[in-house]
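**Student:** Here's a sequence, model it:
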Amino acid sequence: MSDEFVVKVVVAGEGYNGPDMWFVKVICNQEQLDNGDHYEAAKEWVRNNVSAADCIEWVCDDKDPAKAVLKLFNWDTASTTRVGVAFE
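**Tutor:** Below you'll find the model as predicted:
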């Protein structure tokens, strides 16, 4: 991959106890970012790793209007995925 970097993404949806948020770092390149592939990769990670994620309502990154929510989390503890990773 060419010039990959990490994008911080918040995925929000319905969990076991009501609304919840999951914080995922996505490795991608500029073209994948421009295409929104980082959002899909983060949602896919949540669907495949969080059994409580019944309904994903929205996602955002540090360029979106809802970016303030990204400051609420210790990103050193976030899970990491890569655009194009196939989950089984």
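**Student:** Name the nearest residue to residue 33, sequence neighbours excluded.
**Tutor:** residue 7 (6.2 Å; C-beta to C-beta, 6 or more residues apart in numbering). For every residue, glycine as well, the C-beta is placed using N, CA and C.
**Student:** Oh, that last question was meant for residue 56, not what I typed.
**Tutor:** residue 13 (4.0 Å).
**Student:** State whether that neighbour is indeed within a strand.
**Tutor:** Yes - applying DSSP: H, G, I helix; E, B strand; the rest coil, one finds residue 13 inside a strand.
**Student:** where do the strands sit along this protein?
**Tutor:** 5-15, 18-28, 55-61, 79-82 (DSSP state E).
**Student:** where in this structure is pLDDT low?
**Tutor:** 1-2, 51-54, 86-88 (pLDDT under 70).
**Student:** Could you list every helix and strand that the top helix by length along it packs against?
**Tutor:** Identified as the longest helix of the chain according to DSSP state H is helix 37-49. Under the contact criterion of 3 or more C-beta pairs under 8 Å, 6 or more residues apart in numbering; DSSP states H and E, helix 37-49 touches strand 5-15, strand 18-28, strand 55-61, strand 79-82.
**Student:** For those, give me TSV that also has distance to residue 68 and mean neighbour count.
**Tutor:** Listed next are the helices and strands packed on helix 37-49 as TSV, based on distance: least, C-beta to C-beta, whole Å; neighbours: other C-beta atoms under 10 Å:
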stretch	distance to residue 68	mean neighbour count
strand 5-15	10	19
strand 18-28	13	18
strand 55-61	10	16
strand 79-82	21	16
